[in-house]
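S.K.: Could you look at this predicted model? Sequence included:
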Amino acid sequence: MSSPLLFSTIEVTRQAFYRTTLSYAIVNLKPIVPGHVLVIPNRPVPRLTDLTTPELTSLIASVQNVGRVVERAYGGDALTVACQDGKAAGQSIPHVHFHVLPRKYYGDYFSQRMDDIYPALEQSETDLPRDFQNLKVSNTTVQHHPFKVDADEDRMPRTLEDMEQEATWLRGFFTGECRDTDAV
C-alpha cells in the first residue's frame, strides 16, 4: 500500500488520481472550471527554489502529463498552468503546487474574458485553507452540493465522495481504463 499523500498537513490521498515517486496530482476542492486540478511534489516545501532538481523535473513532467490528460478528458482547447510561488504571490497553502485548468475557446465561464481566470484563481487560493478545514468537518456529516464550477462565489466545496469519484475517473486515463469517448 502506498503511503498517505499530504498537501502541507492535509491528507489528500483519496483525491489523488496520478502519482510518481516524487509528485502527484489531486482533483480540486473548489474547481474554477471543470478539470481544474493541482499537481504537487511529494515533499512539502513552500517554494519552487526549495525543490531538488529531480523533484522539480518530476513536478514539471507531471504538470505536462496531467495537463495532456485533463485537456483531452474535459474537451479543452488549451491549458492555464499557474503556480503562486510564495505567500506574497498569493499562495495560501505552504506547499508548492501548480494549478492546471483545461480551457475552451467557447463554452466555459471565462471564454469571453480569458484573463478573468487569474483573479478567480487568486480568490480560490485564498479560500483554500478554510475550505479544507470545512471538508474535515463535513466528512462526518456528508453534505452533497451541485457541482458548480466557475468564479461564482456561492459555489460550495465539493464532498470527499464527489472528489473521489472524479479522481477514480481521471485515474482511468492513466491506467488505460478510459477511452477518449468517455470524456465529459
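M.R.: That came through, no problem.

S.K.: buried stuff in the helix or strand containing residue 172?
M.R.: In the assignment (DSSP states H and E), residue 172 maps to helix 160-175. The neighbour-count check on helix 160-175 (16 or more other Cβ atoms under 10 Å) flags 160, 162-164, 166-167, 169-173 as buried. Yep, even glycine has a C-beta here, placed from its N, CA and C like the rest.

S.K.: Can you lay out these as CSV showing distance to residue 42?
M.R.: Putting those into CSV (distance: Cβ to Cβ, whole Å) gives the following:
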residue, distance to residue 42
160, 21
162, 25
163, 19
164, 20
166, 21
167, 17
169, 23
170, 19
171, 17
172, 22
173, 21
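
S.K.: ok, residue 70 - contacts?
M.R.: Residues near residue 70 by Cβ atoms under 8 Å, 6 or more residues apart in numbering: 35, 37, 76, 79, 100, 102, 170.

S.K.: Let me know the closest of those to residue 52.
M.R.: residue 100 (21.8 Å; Cβ to Cβ).

S.K.: That closest one: neighbouring residues, count only.
M.R.: As a burial measure, residue 100 scores 25 neighbours (other Cβ atoms under 10 Å).

S.K.: And the average pLDDT for the strand or helix carrying it is what?
M.R.: Following DSSP H and E, one finds residue 100 within strand 98-103. Average pLDDT, strand 98-103: 94.

S.K.: Stretch 8-21 too?
M.R.: pLDDT averaged over stretch 8-21 gives 95.

S.K.: can you pull the buried residues of that stretch?
M.R.: 8, 10, 12-13, 15-19.

S.K.: Dump that stretch to CSV, restricted to CA.
M.R.: Provided in CSV are the C-alpha atoms of stretch 8-21 (Å, rounded to 0.1, in the frame of the first residue of the first chain):
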residue,chain,number,x,y,z
SER,A,8,1.1,20.5,3.5
THR,A,9,-0.5,19.0,6.6
ILE,A,10,-3.8,18.0,4.8
GLU,A,11,-4.2,14.3,3.9
VAL,A,12,-5.4,14.1,0.3
THR,A,13,-4.8,10.5,-0.7
ARG,A,14,-8.4,9.9,-1.7
GLN,A,15,-8.4,12.9,-4.1
ALA,A,16,-5.3,11.7,-5.9
PHE,A,17,-5.5,10.4,-9.4
TYR,A,18,-1.9,10.5,-10.6
ARG,A,19,1.3,9.6,-8.7
THR,A,20,5.0,9.3,-9.4
THR,A,21,7.8,8.7,-6.9
